Structures are given as structure tokens and as C-alpha cells.
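In: pasting a predicted model and its sequence here:
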Amino acid sequence: MTFATYKVHPRNISFEKSDLKRLADFVTQKTAETKEAHKQNLNFEGQTGEQQADILRTLDEAYKIAIFVYGAEGEELLVHDSTIFDAPEFPEKLTRLTIDTIIPFQNRTNLAPRNGIRIDLDFSSSKILDWQSNLSGPTPNLSEALIQGVDDNWRAAMIAHLQKLFHGRKNYRGFLHAPFTYDTYLWLFFMPVYFYSLIILEPKIDHFLGQASAFLKAAIYIYSFFVFVNLYRVLIGYIRWTFQSIELKGAQSTQQKHRRFWAFLITAVAIPLAITLLTGK
């Protein structure tokens, strides 16, 4: 049998807490299955009954699920079943969740499990103004699922479950967080708006500057360009921050308050105003 590894990089997903609980329960079930498969393939030839019992006890202790929960207020929890998702100590704002069966096995045996999985879900907020990240790159997110083991059917079942979950909860925000999003909207939309605005405002700008030198006028236009580009950068950062790539629905967050505010503003003010201007009523 071949030991194989498969990786999934979940992006643009809005989870319910119930999704995470069902995922943990499914991992627990598949871990129990691989434990039984491991036991059935053991060779106890030449070992005493006590040695056999010790090996089986070690496998029972090693094949378990570890759930690491991290909150925005510094909460750090480690549990071994899905009850944490209904517990009062579950963080109000989740920043990271890890479901792991590889580390518990390695800590107990110093070996890799027959089949194992590690799921890291990064719920942390992106920065509105991030000077370190590549502007043309995707929104930074550390979410990853690692599936490894020797049983093809086990790996296939785990991958299928993850893909179904990730697809079913997809929030379709790739147009905000994908590579080259910044460049695409800059050159196709915001730059035309900038140059069109200059054409409209040029007479007023020239009147305001009066007899200023051509050098000063050019410097002001160049300066306005850099101001505009940085304002655009803040706007893109704000939109990405407001509509996160990976989020937990139902939890109270600042981003949700901002979304509700803009939804109210658009439905209560912007749309009626646009209808009035278009109809003249």
C-alpha cells in the first residue's frame, strides 16, 4: 500500500457552527474506522497476551481527534469531541479552528497514523491597510486541509466530504479575494473614473491654480494620482475586510455590523434616490 498525501485549500466559504460540528463528528467516525483497520492488520506473532493488550490500548489512546479553538480575546481551547461547539466557552469571535488526528497519534506513538487528517480554518480578519502583502496576490488566508494515509477509500471519502461541505457553503467572494483583483478593478474601473474626473474638473483646477507654473501644476496632478491610488487601496482593503473570505455565520462581528449599515443605506437611501432621479418624481 502507498502512503499518499492530498491537500485542499478552502477559500471563500461561510460556515455555520453546525457545519463545523458535523465535520468534527465525521472526522471522529472516520478515525474510529481507521483504528479498527489498523488493529485488523496487526501481526501479534511471538507476542504475549499482555504485549498485545498494551498495543491495542496504545492504539485506542492514539487514534483520537484533537480540536484546537482560538478566539479573538485570547481564548485557546483543546478538546477531543464536538461538544465544544455547543459549549458556553466557545469564543464569540472565532479566529482559528484546527481539527487534527495526526498530532495526537504522533504524540502517543512517534509514528504516523494509518490514515489521518489535519484541517486548519483561518477565520482571522484581513487588514484594511496591509503594507506587507503583495497587492496583486490573493487575500492572505492560512486555511488548509491535509489528508494522508494508505487507504484509498478512506482518503476518497474524506476528500469528498470536504469538497461537498466547501462547495455547499461557498460565498462566491472570489472576485474580491482572488489574485490580481486589485489590478483588475484599478485599471478597468477606477483609473477610467480618475481620468474622466480630471477631464471634467480640469477647467476648475486651472482656474483655481491661476498663474501657477507648469511644474507646480504637473506636481499637483501627480500628487493627486498617488492620493487617489492609495484611497483606492484603502477601499479595496475595507471591502475585503467587510466581506471576509472565510467566516463563521451567526457570530457577532464588526464586519456584520458594517454590512448591515451599508445594506440599510443602499435600500433606504441610495435606491429611492436613484429612482427619484431617473423618474423625475
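Out: That came in fine, so what should we check first?

In: from here on, contacts and neighbour counts on C-alpha atoms
Out: Will do.

In: centre of the chain to stretch 178-186, how far?
Out: Relative to its parent chain, stretch 178-186 has a centroid offset of 18 Å by C-alpha atoms, centre = their mean, to the nearest Å.

In: so what pLDDT did the residue nearest the centre of the chain get?
Out: By C-alpha atoms, centre = their mean, the chain has its centre lying nearest to I246, at 3.1 Å. You'll see I246 listed with a pLDDT of 95.

In: was I right about it contacting F123?
Out: Yes - using C-alpha atoms under 8 Å, I246 is in contact with F123, at 5.5 Å.

In: hmm, back to that, dig out what the residue nearest to the centre of the chain forms beta bridges with.
Out: I246 has the following beta-bridge partners by DSSP bridges: I13.

In: 805 is where my numbering starts, stick with that
Out: With 805 as the first residue, the last one maps to I1050.

In: tell me if I'm right that R922 and P908 touch.
Out: No - R922 lies out of contact with P908 (C-alpha under 8 Å); the separation is 10.7 Å.

In: the longest helix in this protein is where?
Out: Secondary structure of the chain per DSSP state H: the longest helix is helix 1018-1046.

In: which helices and strands sit right next to that one?
Out: For helix 1018-1046, the packing partners by 3 or more C-alpha pairs under 8 Å, 6 or more residues apart in numbering; DSSP states H and E come out as helix 978-981, helix 1058-1069.

In: pull out the buried residues from it.
Out: Along helix 1018-1046, these residues count as buried under the neighbour rule (16 or more other C-alpha atoms under 10 Å): 1021, 1036-1038, 1040-1042, 1044-1046.

In: okay, the residues you listed in CSV with pLDDT and distance to M962 next?
Out: Below are these laid out as CSV (pLDDT from 0 to 100; distance: C-alpha to C-alpha, whole Å):
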residue, pLDDT, distance to M962
K1021, 82, 63
Y1036, 92, 42
R1037, 91, 39
V1038, 91, 40
I1040, 92, 36
G1041, 91, 35
Y1042, 92, 35
R1044, 92, 30
W1045, 92, 31
T1046, 92, 32
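
In: where in this protein is the helix or strand with the lowest mean pLDDT?
Out: Of all helical and strand segments in the chain, the minimum by mean pLDDT, DSSP states H and E falls on helix 1075-1083, at a mean of 68.

In: mind checking pLDDT for the nearest residue to E820 once chain neighbours are set aside?
Out: Nearest residue to E820, sequence neighbours excluded (C-alpha to C-alpha, 6 or more residues apart in numbering): K1053, at 5.3 Å. With respect to pLDDT, K1053 has a value of 89.

In: okay, K1053 and E896: tell me how far apart.
Out: Note on K1053: its distance to E896, by C-alpha to C-alpha, to the nearest Å, is 11 Å.

In: sorry, back to before: next one: the longest helix of the chain to chain centre, how far?
Out: 29 Å.

In: so that helix versus helix 1058-1069, what angle?
Out: 110 degrees (axes from the mean of the first three to the mean of the last three C-alpha atoms, to 10 degrees).

In: what residues sit buried inside stretch 920-934?
Out: Residues 920-930, 932 are the ones in stretch 920-934 that count as buried (16+ other C-alpha under 10 Å).

In: contacting residues for K811?
Out: Contact partners of K811, counting by C-alpha atoms under 8 Å, 6 or more residues apart in numbering, are 948-951.

In: please tabulate these in TSV, including the columns pLDDT, distance to F1065 and secondary structure.
Out: Output for the contacts of K811, formatted as TSV (pLDDT from 0 to 100; distance: C-alpha to C-alpha, whole Å; DSSP: H, G, I helix; E, B strand; the rest coil):
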residue	pLDDT	distance to F1065	secondary structure
E948	97	32	strand
A949	97	34	strand
L950	97	38	strand
I951	97	41	strand
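
In: quick check: which of the helices and strands packed on helix 1018-1046 is nearest to H971?
Out: Comparison of these against H971 by C-alpha to C-alpha identifies helix 978-981 as nearest, at 12.8 Å.
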